[in-house]
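**Q** sequence and predicted structure, then a few things I'm wondering about:
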Amino acid sequence: MKILLISPPMCVNDTPKFVSFGLAYIAQELKRNNHRVEILDINSNRFPKDEVTAHIKNSDPDVIGIGGLVTVYPYLHWLIPEIRRLKGAVPIILGGAIASSLSERCFERFDIDYEVIGEGERTVVELIGALEGGKDHRPVKGIGFREHGKVVFTEKRPLMGSLADVPVIDYSCFPQNELLKNANGVFQIHVQRGCPGACTFCFNCFRVVSNEVRYRPVDNVLEEIETFKNRYDVKLFALTGECVTFNRDWIIGFCKEILKRGLKIRYRVTSRADSIDEEKLEWLRKSGCVVMSLGLETGSEKIIKIIRKGITVQKGREAALLAKKYIPEIEIGIIFGYQGEDENTVRETVRFCKDIGVKPICHYATAFPGTELYRTAVAEGRIKDEESYLRGLDTISIFTPSANLTDMPDDRMPKVLSKAIAEVHSHYFYKDMMQAKFFKRIFRYCAENGLKKTFEKSCGSFRRRR
């Protein structure tokens, strides 16, 4: 069959930096099953609507697939009616996080024929196989469809038992050189799916079924890294997954294999406070890990329990102090404005941020559909107009408050939180000023990005601190 896959713009105010793995892997699986695939990647190319219309009009698909994060919800209100106007009754399949997190609402709001819920590679192949052969699609697990005026969801599809067959992405289908330039040389490599945690702010398609953690084989990942290291001007490989360091055998085996191959790379991993120790960190350091993302979220025991992070504040503090001994750059994620937040918990988190000795990335709690935080925010009336909130998802930013989820009054909350974040930033600004590494970082950034970008970034940082 001829299939047109469409990736709508996910965050209209952000510059696209990375290929959508969901779209890319679906495309590869369909090709492996002898289907003809055309990709309309609006997100990466930022095509204006008239070009999107022309592309769809000139295509001749048997099936159209659309997927993306929940932030594509506003764009679908234009895209799906436009597809219907141009292509009539061609079946439309909606997948990705948008379908998994807002499955019933999407059927209510959009003229779609099917949804793919959860992990999509096997499901899409089976569904399109049924459509191609004129077979009954109802036995296909993990889908939604309309029947006799009602929406029907089939049994959940189990997660793939192994990621060994996950294909290498065909980057010739995407503007990869431009994306890499936008990302300052950072190239994502998909290595892991799932997370052992149960944080109430988090959602992904895999959690529809379970929180099982799965990895691609080490050899597969490294062969992909070697391929793209030689093809593109990569400055940093970002290993993607919610908690890459979770499995001890996998991560240490990965590090050892890098050293065995004599592979000279710089890379980034994601982690949790309870998934690192000195042995892992030493192997990471020796094999080229220069950046570690470590979500600690808060310095308040009250908030960390509400988040259901599964660690203590002290554990987070110890993890930050340990990690910075081995890894040059630690990205500490801190959330302000969470459910239950008050002025006392804010002060606890400010003190915590100063104590850990690593400048954190501070942002605001944001309730995304599919999460417990979102369900609670709607139930408690924190999100007063749900449809209006969803229509603004494509412009939402974690660096500005989108709703008052705290226990503070509406007029007080923004002032308290912005002041707290400014205090944390100022603390590290003046601390860095007293150290030579501050100037080294500026010179390195200038050498890599030019004087103009360095000046713009410095001015932007100064304005944020004010």
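**A** Now that the structure is in, tell me what you want to look at.
**Q** residue ranges with poor pLDDT in this protein?
**A** 206-207, 209, 433-440, 455-466 (pLDDT under 70).
**Q** go through it and flag its longest helix.
**A** What stands out as the longest helix in the chain, according to DSSP state H, is helix 413-433.
**Q** quick one: buried residues of it?
**A** For helix 413-433, a neighbour-count test (16 or more other CB atoms under 10 Å) marks 413, 416-418, 420-421, 423-425, 428 as buried. Yep, even glycine has a C-beta here, placed from its N, CA and C like the rest.
**Q** ok, stretch 388-402 next?
**A** 389-390, 393-394, 396, 401-402.
**Q** same question, stretch 324-340
**A** For stretch 324-340, by 16+ other CB under 10 Å, it's 324, 326-327, 330-332, 334-339.
**Q** how about residue 394, secondary structure?
**A** Here residue 394 is helix, with the state taken from DSSP: H, G, I helix; E, B strand; the rest coil.
**Q** ok, it - contacts?
**A** Counting by CB atoms under 8 Å, 6 or more residues apart in numbering, residue 394 touches 9-12, 71-75.
**Q** can you tell me which of the residues you listed are in helices?
**A** Per DSSP H, the contacts of residue 394 map to helices at 73-75.
**Q** before we move on, back to that, need the contacts of residue 394 in a markdown table (columns: neighbour count and distance to residue 109).
**A** Compiled in a markdown table, the contacts of residue 394 are given as follows (neighbours: other CB atoms under 10 Å; distance: CB to CB, whole Å):
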| residue | neighbour count | distance to residue 109 |
| --- | --- | --- |
| 9 | 23 | 18 |
| 10 | 21 | 18 |
| 11 | 16 | 20 |
| 12 | 13 | 19 |
| 71 | 23 | 15 |
| 72 | 25 | 13 |
| 73 | 25 | 8 |
| 74 | 18 | 11 |
| 75 | 22 | 12 |
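**Q** any idea which of those is closest to residue 365?
**A** Of all the contacts of residue 394, residue 365 sits closest to residue 71, with 16.4 Å by CB to CB.
**Q** what residues does the closest one make contact with?
**A** Here residue 71 is in contact with 10-11, 393-394, 396 (CB under 8 Å, 6+ apart).
**Q** nearest to residue 356, of those?
**A** residue 396 (27.8 Å).
**Q** and the residue lying closest to that closest one once chain neighbours are set aside, helix, strand or coil?
**A** Closest residue to residue 396 apart from its sequence neighbours, by CB to CB, 6 or more residues apart in numbering: residue 402 at 5.4 Å. Following three-state DSSP, the label given to residue 402 is coil.
**Q** quick check: residue 402 touching residue 363?
**A** No - judged on CB atoms under 8 Å, residue 402 makes no contact with residue 363 at a distance of 10.9 Å.
**Q** any chance of the buried residues of stretch 324-340 in CSV, with secondary structure and distance to residue 127 too?
**A** Listed next are the buried residues of stretch 324-340 as CSV, based on DSSP: H, G, I helix; E, B strand; the rest coil; distance: CB to CB, whole Å:
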residue, secondary structure, distance to residue 127
324, helix, 48
326, helix, 46
327, coil, 43
330, strand, 43
331, strand, 38
332, strand, 42
334, strand, 41
335, strand, 37
336, strand, 42
337, coil, 40
338, coil, 38
339, coil, 37
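**Q** tell me the two of those that are most distant?
**A** Top of the distance list for the buried residues of stretch 324-340 (CB to CB): 326 and 339, 33.8 Å.
**Q** what kind of secondary structure is residue 344 in?
**A** Applying three-state DSSP: residue 344 is helix.
**Q** and the gap between the closest residue to it other than its chain neighbours and residue 169?
**A** Spatially, and ignoring its direct neighbours in sequence, residue 344 is nearest to residue 300 (8.0 Å; CB to CB, 6+ apart). Distance, residue 300 to residue 169, by CB to CB, to the nearest Å: 41 Å.
**Q** list just the nearest of the buried residues of stretch 324-340 to residue 353.
**A** For the buried residues of stretch 324-340, the nearest to residue 353 is residue 334 (6.1 Å; CB to CB).
**Q** hey, what's that closest one bridged with?
**A** Residue 334 has these beta-bridge partners by DSSP bridges: residue 297, residue 362.
**Q** what's the longest helix of the chain packed up against?
**A** Helices and strands touching helix 413-433, by 3 or more CB pairs under 8 Å, 6 or more residues apart in numbering; DSSP states H and E, are strand 329-336, helix 343-355, strand 360-364, helix 451-465.
**Q** buried set for the shortest one?
**A** Using 16+ other CB under 10 Å as the burial criterion, the residues of strand 360-364 that qualify are 360, 362-364.
**Q** can you get me a residue count around residue 410?
**A** By other CB atoms under 10 Å, 9 other residues sit near residue 410.
**Q** check residue 148 too.
**A** With other CB under 10 Å as criterion, residue 148 counts 5.
**Q** for the one 4 residues further on, same thing?
**A** When neighbours are counted by other CB under 10 Å, residue 152 registers 12.
**Q** try residue 382
**A** Residues lying near residue 382 (other CB under 10 Å) number 17.
**Q** mind listing what it touches?
**A** By CB under 8 Å, 6+ apart, the neighbours of residue 382 are 367, 376, 403-405.
**Q** which two in those residues are spaced the farthest apart?
**A** 376 and 404 (13.0 Å).
**Q** between the two, who's got more neighbours?
**A** residue 404 (21 against 16).
**Q** correct me, but that one touches residue 410?
**A** Yes - using CB under 8 Å, residue 404 is in contact with residue 410, at 5.2 Å.
**Q** partners of residue 7 in the sheet?
**A** Residues in a beta bridge with residue 7, per DSSP bridges, are residue 41.
**Q** for it, give its distance to residue 242.
**A** Distance, residue 7 to residue 242, using CB to CB: 21 Å.
**Q** ok, those two, which is more surrounded?
**A** Neighbour totals were compared for residue 7 and residue 242, and residue 7 leads with 26 against 23 (other CB under 10 Å).
**Q** pretty sure the more buried one contacts residue 42?
**A** Yes - in this structure, residue 7 is within contact of residue 42 by CB under 8 Å, at 6.0 Å.
**Q** pick the one among the contacts of residue 394 closest to residue 214.
**A** residue 10 (24.3 Å).
**Q** now that closest one: how far from residue 16?
**A** Noted for residue 10: a distance of 8 Å to residue 16, by CB to CB.
**Q** next secondary structure element downstream of the helix or strand encompassing residue 375?
**A** Taking DSSP states H and E as the criterion, residue 375 maps to helix 372-379. Downstream of helix 372-379, the next assigned helix or strand under DSSP H and E is helix 386-391.
**Q** list the helices and strands that following helix packs on?
**A** On a contact count with 3+ CB pairs under 8 Å, 6+ apart, helix 386-391 meets helix 73-87.
**Q** again, only using 10 Å
**A** Helix 386-391 sits against helix 73-87, helix 103-109, helix 372-379, with contacts defined as 3 or more CB pairs under 10 Å, 6 or more residues apart in numbering; DSSP states H and E.
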